[in-house]
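>>> Sharing a model that was predicted from the sequence below.
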Amino acid sequence: MELINVSSPSSRTELETRGVRVHSHSEAERRRRQRINAHLATLRSLLPSASRLDKAALLGEVVRQVRELRMRAEEVAVVVPGEADEVGVEEDEEAARDETKTVGGGQQGRMVRAWVCCEDRPGLMSELSRAVRSVRARAVRAEMVTVGGRTRSLLQLEVNEAEAAAAAAAAERGEGHHSKLQAALWAVLLTNRHGAVDNFSKRERVSTRFRSRT
């Protein structure tokens with residue numbers, strides 16, 4: 001145990017210095033707790049149902065809410081049409097967990113999602129339907145979102161198993177645009193460009209997230 005002679009000036013100075021340090025540390029800790037409590041109060045005001053939750057439960061609820069909002073934002077970003085013409089095809093993972101269905105001709109098929117983003121025009125959905133039928137696919141569900149003259153068509157399709165396998169193989173080779181379904185959908189976009197086919201590659205953006213099931 002250290003003994004300090006408080007009668008000497010140097011000892012008194014050392015004690016005063018220690019006291020100042022302890023006070024500064026205590027003050028900093030007090031301000032830190034005030035900031036934390038203020039943040040927690042703000043979170044409770046944003047979540048009416050969290051008024052009686054302890055700190056751990058409150059933070060857990062905030063994390064859950066943030067994740068949910070992020071998912072909603074991602075869904076909105078996917079649905080809103082962009083400025084670039086786009087065609088995308090991907091396997092419907094939710095439907096893929098169900099049993100494989102049968103399409104025309106008795107062949108096995110699978111569910112995929114396709115989307116087309118382009119300028120809005122009359123008869124676009126009819127053209128897309130014809131394009132889908134041209135590759136022996138069947139539309140199960142279709143949605144269209146139009147904002148500022150741009151439209152995004154979302155299609156849930158049942159496609160021929162052979163076409164699905166060919167598209168998956170083409171995607172692995174980096175040739176996703178060569179799948180019959182994507183080519184048919186791109187043909188719909190090209191019909192509205194009034195001879196601007198030469199500029200096709202300038203704005204083309206193909207999403208090839210077509211994955212085969214194991």
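That came through, no problem. Numbers count the residues shown, from 1 in each chain.
>>> Next, count neighbours for residue 136.
18 (other CB atoms under 10 Å). Quick note: C-beta positions are derived from backbone N, CA and C, even for glycine.
>>> show me the biggest helix of this structure in terms of residues.
The longest helix of the chain (DSSP state H) is helix 9-46.
>>> What mean pLDDT does the following helix or strand past that helix get?
Note on helix 9-46: by DSSP states H and E, the next helix or strand toward the C-terminus is helix 55-79. Across helix 55-79, the average pLDDT comes to 79.
>>> same question, stretch 181-188
Averaged over stretch 181-188, pLDDT sits at 89.
>>> Pop the domain breakdown of this protein in here.
As recorded under automatic domain parsing, the domains making up the chain are 9-78, 86-209.
>>> Can you pull the phi/psi pair for the nearest residue to residue 92 once chain neighbours are set aside?
Excluding its sequence neighbours, the residue lying closest to residue 92 (CB to CB, 6 or more residues apart in numbering) is residue 111, at 4.0 Å. Dihedral pair for residue 111: phi -90, psi 140, per degrees, to the nearest 10.
>>> Which strand residues bridge residue 111?
Counting by DSSP bridges, residue 111 is bridged to residue 158.
>>> ok, it touching residue 90?
No: counting by CB atoms under 8 Å, residue 111 does not reach residue 90; the two are 10.5 Å apart.
>>> rewinding a little: quick one: work out the angle between the longest helix of the chain and helix 55-79.
50 degrees (axes from the mean of the first three to the mean of the last three CA atoms, to 10 degrees).
>>> Packing partners of helix 9-46?
Helix 9-46 makes packing contacts with helix 55-79 when contacts are defined by 3 or more CB pairs under 8 Å, 6 or more residues apart in numbering; DSSP states H and E.
>>> any idea how far residue 23 is from residue 30?
In this view, residue 23 and residue 30 are 10 Å apart by CB to CB, to the nearest Å.
>>> My error: substitute residue 114 in the last question.
On the measure of CB to CB, residue 114 and residue 30 end up 60 Å apart.
>>> Looking at the two, which one has more neighbours?
residue 114 (27 against 10).
>>> ok so the more buried one is a strand residue?
Yes: counting by DSSP: H, G, I helix; E, B strand; the rest coil, residue 114 is found in a strand.
>>> quick one, what contacts it?
87-89, 132, 154-155, 157, 181-182, 185 (CB atoms under 8 Å, 6 or more residues apart in numbering).
>>> go again using 6 Å as the cut-off
Neighbour list for residue 114: 89, 155, 157 [criterion: CB atoms under 6 Å, 6 or more residues apart in numbering].
>>> Next, format those residues as JSON lines and append pLDDT and neighbour count.
Compiled in JSON lines, these are given as follows (pLDDT from 0 to 100; neighbours: other CB atoms under 10 Å):
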{"residue": "89", "pLDDT": "85", "neighbour count": "25"}
{"residue": "155", "pLDDT": "88", "neighbour count": "24"}
{"residue": "157", "pLDDT": "89", "neighbour count": "24"}
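>>> any chance of these in JSON lines, with distance to residue 189 too?
Listed next are those as JSON lines, based on distance: CB to CB, whole Å:
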{"residue": "89", "distance to residue 189": "14"}
{"residue": "155", "distance to residue 189": "14"}
{"residue": "157", "distance to residue 189": "17"}
